[in-house]
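A.B. asks: below is the sequence, then the predicted model.
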Amino acid sequence: MPKSTRENPAEAIRRRLRPLRGQLWALAVLVASLVLVVILWKMAYDRELRASEETFISQTQDAADLLKQRMVNFELVAGGGISLFASVARPTPDQWFGYVDGMELHRRFPSVAGLGFTGYLRQSRLDELQDEWQQAGWGDLQVRPNLGHDRLAVVLYLEPKTPENLAVIGYDMFSDAVRREAMESAMASGEPTLSGPVPLVQGDGSHNSDVGLLLYRPVYRGPEAPVTAQARRESILGWVYVPFWVDDFVSEVLPGREMSFTIDDVTGGGTPQRIFSREPASPKPAAFSHAVEFENYGRRWRMSFQSAPLAQAAPRLGSLQSILSLGLLASLLMYAIAWMLARTEARAQRIAMRLTEEYRFSEERFRTAMEYSAIGKALMDSDGLIVQANPAFGNIVGIEPGELEGRAFDDLFEDDFSPREALAPAEHGDEQGVRRETRRLHRQGGEPRHVQLTYAPIPGGEGMAVSGLVQVEDVTDRLRAEARVRALNRTLEARVALRTRELSQSNEELEAFAYSVSHDLRAPLRAIDGFSRVLVERYGDSLDDTGRDYLARVRKAAGRMGDLIDALLKMSRISRGDLKTEAVDLSRIATEIIEDLRAGDPDRADRVEVVIEPGLEAHGDVALLRNLLVNLLGNAWKFTRDSDAARIEFGQEGDEYFVRDNGAGFPQDYVGKLFRPFQRLHAQSQFDGHGIGLASSKRVVQRHGGVIRAEGSEQGGATFRFTLADVPDEIE
């Protein structure tokens, strides 16, 4: 093979590896993402671990500070005893008891065994002190253990007087080296001093441990402590001391068991002495440890803390494990995505070619739709010039589509719209920039036509050859038809107004006729009633019983006729008066009506149960609404006359008010007659009335823009429901 046709080995290798390039790129992405995830997880893990350790150290420091602060309370308690010595040369046991009893040590400081005073004296004065003790009536003072030392520190007072504390009286504290060291240090320095751990004499096995501590405060002669150490030794009277149990004290100050710790006395740098130990709650190794050393009234303590296991001490580390798992999973997903991208690169090219072909087909379909559409359409550029028009648009304007290209679209119209208004649909249209308007078109060779234009911007058309589409519809015939309809409507409105005036005049004439008729009927009725009454008074003795009965019936009929005339006038006034709308308290009006009914019928006042829902309000005419409730509640009171347990309710259900009773009721089939004037469903002998109340109620409700309806059954009671307009303006 000639040299020129030989393939370069490096080029051959690249050609063979080219199909694998996408997979190698995806593998590189996987490795890089895994390394990044592990690094970020390690950084977050170390940061969270440090934060948890810092929190633990802060908690240990807080615990040590809290322990030191609580020791101050013991210093203050001992200071109160010193104040007692400052006010009294030598307090008596009773005075000491009174002071300590007021302190309530067992309630405030459960770990304190008591508050005592240790007197400082020499062996030579011991007999004198014992004699003084006996003469004062304080009993025998037995000093123990009496080792014959020249100087003694005898416990003289210790309150409260428990059996354990009484056993301590007379104890020589100088006999114990630890106590003596603390007492001499306090005497020389004049400062409160804490002893090392010692078994308290009060120990009886009831505490976790008999190990305790004693806080000493020296008491000197005189109001103030001497300046020099030698002077303080010469003027010492004794020590006020506070003994307390170590385990109880620490458990009282630090009750929780979230962390374990030990307390060692490391004063002087010698062998540490264990004061307190709290074992860890979990057998698992602690996550963190920390030691805090501090001075505590002349002693140096070291608190060694052990945290909970790692899962409890740093609980957020568990979530980091989940984050690591999610990170690894995300890396694998990135690898899968990269691998898929490498595979789909070729497919993307094929899809792009197919989309190009589809775009070409879409353009063809658009051109076909333009060409054969029955609606006129035109494409315009940004200057308002017609780029392309379909045949339908040419037919509307009377110009061939080819001749329209390049012409200004606005020149085809006779109105005064500016070209900018016609060509800026996006500025005046809806959210999509579509704008519609009707304009007058000058049709070539014909009369002007009205067309409806719909402007729509073409997406992405700004700065291109085509920027908008306009559709043109000839609406001349439709506008003419609408004009004819409007003319007919105006004629109809005039006819309605004329009929309304005629109806109003008829109503006025009818009301005048009713008033005139009722007024003219009263004269003959008064004559009938008057002559009948005179006939009975003057000639009653000349008539037999039948005659007198006839005259009584005549007078009764005349009276009933007068009542019917009054009812007719009342109905006329309801229909004729003007409404004066205002806020009306229906509950109050109903209560007043029921009180009037009880007063008018005292025999039933206590036998009728009436329930009125409070707070019912409406808008309307007060007088008419009172008339409405008078009729409805009066009917309920009347028709419950024969009920053994009469009950009347007035309330509201939804938008309807209701009046309900358990009286005589009525057949539901005859409900249509209830609201007609002078219609009655019961005989006059059963229940009196004129049959006009419910008719008046209906007119009141209708005048307030509402409706009224009735429900009932024979001997099952009746319910009348009505509505009123919600807004005063709705009432006509």
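C.D. replies: Great, that's in hand.
A.B. asks: tell me the centre residue of the chain?
C.D. replies: G654 (27.9 Å; C-alpha atoms, centre = their mean).
A.B. asks: any idea of the pLDDT on it?
C.D. replies: For G654, the model assigns a pLDDT of 86.
A.B. asks: gap between it and A392?
C.D. replies: 57 Å (C-beta to C-beta, to the nearest Å). In this view, the C-beta of every residue, glycine as well, is placed from N, C-alpha and C.
A.B. asks: again, but for G712
C.D. replies: 69 Å.
A.B. asks: for the spatially closest residue to V659 that is not a sequence neighbour, give me the pLDDT.
C.D. replies: Taking C-beta to C-beta, 6 or more residues apart in numbering as the measure, V659 lies nearest to L632, with 4.3 Å between them; neighbours along the chain are not counted. As predicted, L632 sits at a pLDDT of 86.
A.B. asks: now name the helix or strand holding L632.
C.D. replies: helix 622-639 (DSSP states H and E).
A.B. asks: give me the contact list for that helix.
C.D. replies: 574, 577, 579-580, 582, 584, 586, 589-590, 593-594, 597, 601, 604, 608, 618, 648, 650, 659-661, 663-665, 687, 689, 693-694, 696-697, 700-701, 703-704, 718, 720, 722 (C-beta atoms under 8 Å, 6 or more residues apart in numbering).
A.B. asks: give the rounded mean pLDDT of stretch 615-629.
C.D. replies: The pLDDT scores in stretch 615-629 average 86.
A.B. asks: equivalent analysis for stretch 87-94, please.
C.D. replies: Rounded mean pLDDT across stretch 87-94 is 79.
A.B. asks: picking up where we left off before, just the C-alpha atoms of the helix holding L632, please, in CSV.
C.D. replies: Coordinates of each C-alpha in helix 622-639 appear next as CSV, following Å, rounded to 0.1, in the frame of the first residue of the first chain:
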residue,chain,number,x,y,z
VAL,A,622,-92.1,49.0,61.4
ALA,A,623,-95.9,49.5,61.3
LEU,A,624,-96.4,47.0,58.5
LEU,A,625,-94.1,44.4,60.1
ARG,A,626,-95.9,44.8,63.4
ASN,A,627,-99.2,44.3,61.5
LEU,A,628,-97.7,41.1,59.9
LEU,A,629,-96.7,39.6,63.3
VAL,A,630,-100.0,40.7,64.9
ASN,A,631,-101.9,38.7,62.3
LEU,A,632,-99.6,35.6,62.4
LEU,A,633,-99.1,35.4,66.2
GLY,A,634,-102.8,36.3,66.8
ASN,A,635,-103.9,33.4,64.5
ALA,A,636,-101.5,31.1,66.4
TRP,A,637,-103.0,32.2,69.8
LYS,A,638,-106.5,31.8,68.5
PHE,A,639,-106.2,28.4,66.9
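A.B. asks: tell me which stretches of the stretch 201-350 of the chain form strands.
C.D. replies: Ranges of strands in the stretch 201-350 of the chain, per DSSP state E, counting those that start in this stretch, are 211-220, 236-245, 260-265, 273-278, 289-296, 299-306.
A.B. asks: now do the stretch 401-550 of the chain
C.D. replies: Going by DSSP E, counting those that start in this stretch, the stretch 401-550 of the chain shows strands at 435-441, 449-457, 468-474.
A.B. asks: now the first one against strand 449-457, angle please.
C.D. replies: With axes from the mean of the first three to the mean of the last three C-alpha atoms, to 10 degrees as the criterion, the two stretches strand 435-441 and strand 449-457 enclose an angle of 150 degrees.
A.B. asks: so what secondary structure elements neighbour strand 435-441?
C.D. replies: strand 449-457 (3 or more C-beta pairs under 8 Å, 6 or more residues apart in numbering; DSSP states H and E).
A.B. asks: now do the buried residues in the strand it packs on.
C.D. replies: Buried residues in strand 449-457, counted by 16 or more other C-beta atoms under 10 Å: 449-451, 453-457.
A.B. asks: in the stretch 401-550 of the chain, where is pLDDT below threshold?
C.D. replies: 415-433, 444-446, 459-465, 502-523 (pLDDT under 70).
A.B. asks: and the next helix or strand past the lengthiest helix in the chain?
C.D. replies: In the chain, with assignment by DSSP state H, the single longest helix is helix 21-87. Tracing the chain past helix 21-87, the next element assigned as helix or strand by DSSP H and E is helix 93-103.
A.B. asks: so how far is that next one from its chain's centroid?
C.D. replies: In terms of C-alpha atoms, centre = their mean, to the nearest Å, the gap separating the centre of helix 93-103 from the centre of its chain is 57 Å.
A.B. asks: send me the helix or strand just after it as CSV with only the CA atoms.
C.D. replies: Counting by DSSP H and E, the next helix or strand C-terminal to helix 93-103 is helix 105-108. Output of helix 105-108 as CSV, limited to C-alpha atoms (Å, rounded to 0.1, in the frame of the first residue of the first chain):
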residue,chain,number,x,y,z
LEU,A,105,-32.8,24.0,105.8
HIS,A,106,-34.4,20.7,105.0
ARG,A,107,-36.9,22.2,102.6
ARG,A,108,-34.5,24.6,100.9
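A.B. asks: can you point out the buried residues in helix 105-108?
C.D. replies: Using 16+ other C-beta under 10 Å as the test for burial, helix 105-108 gives L105.
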